[in-house]
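Trainee: Predicted model and sequence follow; I will ask about them next.
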Amino acid sequence: MKEIEDDLKLQNWLSIATFDLFKYANAGGRVEVVDTPDGLTITLPGVTLSSEGINKRFGKMIAAAQETS
């Protein structure tokens, strides 16, 4: 049962994230999406980790992932 709950939470968050990307693009933000065999690659042209509006926790997570790779 726990596995099903985790899958549903993941699906819900994916829905939220992609809807927010839709709203960002609809408000004039640039979003580029490429459907690859490995999955979707989403690019936000002109947006960097130091851009205003980037969630601090997200920025820290990405920065930490870049340090370990």
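Mentor: In hand now; what should we look at? Please read these numbers as outputs of a predicted model, since none were measured by experiment.

Trainee: Extract the residue ranges of this structure that are flagged as low pLDDT.
Mentor: By pLDDT under 70, the low-scoring segments of the chain are 1.

Trainee: secondary structure element for the most centrally placed residue in the chain?
Mentor: For the chain, the residue sitting closest to the mean C-alpha position, by C-alpha atoms, centre = their mean, is Ala17 at 6.2 Å. If you go by DSSP states H and E, Ala17 is part of helix 2-26.

Trainee: Toward the C-terminus, what is the element adjacent to that helix?
Mentor: Note on helix 2-26: by DSSP H and E, the next helix or strand toward the C-terminus is strand 32-36.

Trainee: now for that following strand, which elements pack on it?
Mentor: Applying 3 or more C-beta pairs under 8 Å, 6 or more residues apart in numbering; DSSP states H and E, one finds that strand 32-36 makes contact with strand 39-43. Quick note: C-beta positions are derived from backbone N, CA and C, even for glycine.

Trainee: Could you name the helices and strands sitting against the following helix or strand past the strand it packs on?
Mentor: Counting by DSSP H and E, the next helix or strand C-terminal to strand 39-43 is helix 56-68. Using 3+ C-beta pairs under 8 Å, 6+ apart as the contact definition, helix 56-68 packs against no other helix or strand.

Trainee: Pull the distance from helix 56-68 to the chain's centre.
Mentor: On the basis of C-alpha atoms, centre = their mean, to the nearest Å, helix 56-68 sits 13 Å off its chain's mean C-alpha point.
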